[in-house]
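Enquirer: Next come a sequence and a model predicted from it.
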Amino acid sequence: MKLVIQRVLSADVSVDGLVVGKIDKGFLVLVGICNEDTEQIADKMLKKLIGLRIFEDSEGKTNLNLEAVSGGILMVSQFTLYADCKKGNRPSFTRAGEPTKAKQLYEYMLAECKKQVPVVECGIFGADMKVSLVNDGPFTIVLDSEEIL
């Protein structure tokens with residue numbers, strides 16, 4: 001599983017010109033799921049995500065988590081995080097999760113986030129989405145389950 005986490009002042013996702021998810025301060029999280037991913041891996045990744053202390057405290061140090069700043073999460077599925085560009089110029093997506101399984105795991109992650117974070121918004125799995133954001137910093141972190149678990 002791969003998460004691209006962007007600390008944002010605001011972010012939204014739209015489908016067919018309609019905003020389907022929107023947050024103010026918080027995390028825009030792009031989620032890539034592969035076939036090997038499980039709910040146990042998702043739980044560990046979510047624990048790391050929600051606990052990240054990347055908001056500035058009163059001294060300007062990145063020391064605060066989402067809860068401390070009353071931040072939200074906008075979670076958007078993005079199978080392209082598993083692009084393989086080793087051969088040629090056209091990416092292969094064979095490592096990306098099979099859509100039915102990936103959707104189930106994405107929905108599981110959303111439900112688990114909603115248990116811990118007051119504001120959780122999302123895109124629509126598999127849709128052609130337009131994502132807008134104001135990255136705060138910019139501050140972007142990539143979490144890869146193969147590296148942190």
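Expert: Okay, I see it.

Enquirer: what bridges to the residue nearest the centre of the chain?
Expert: With distances taken as C-alpha atoms, centre = their mean, residue 29 lies nearest the centre of the chain, 2.1 Å away. Counting by DSSP bridges, residue 29 forms beta bridges with residue 5, residue 75.

Enquirer: ok, it - contacts?
Expert: Residues in contact with residue 29 (C-beta atoms under 8 Å, 6 or more residues apart in numbering) are 3-6, 49, 73-76. From N, CA and C alone the C-beta is placed, and that goes for glycine too.

Enquirer: separation between it and residue 131?
Expert: 11 Å (C-beta to C-beta, to the nearest Å).

Enquirer: How about residue 67?
Expert: For residue 67, the distance to residue 131 - C-beta to C-beta - is 24 Å.

Enquirer: between those two, which one's more packed in?
Expert: residue 131 (16 against 12; other C-beta atoms under 10 Å).

Enquirer: and that one, helix, strand or coil?
Expert: Secondary structure assignment for residue 131 (DSSP: H, G, I helix; E, B strand; the rest coil): strand.

Enquirer: ok, back up a step: now, which of the contacts of residue 29 sits nearest residue 111?
Expert: residue 75 (11.0 Å; C-beta to C-beta).

Enquirer: What number of residues are in the vicinity of that closest one?
Expert: 24.

Enquirer: Touching, it and residue 112? I think so.
Expert: No - taking contacts as C-beta atoms under 8 Å, residue 75 lies outside contact range of residue 112: 10.6 Å.

Enquirer: What count of nearby residues applies to the nearest residue to residue 53 once chain neighbours are set aside?
Expert: Spatial nearest neighbour of residue 53, excluding adjacent residues (C-beta to C-beta, 6 or more residues apart in numbering): residue 65 at 5.0 Å. Number of residues near residue 65 (other C-beta under 10 Å) recorded here: 14.
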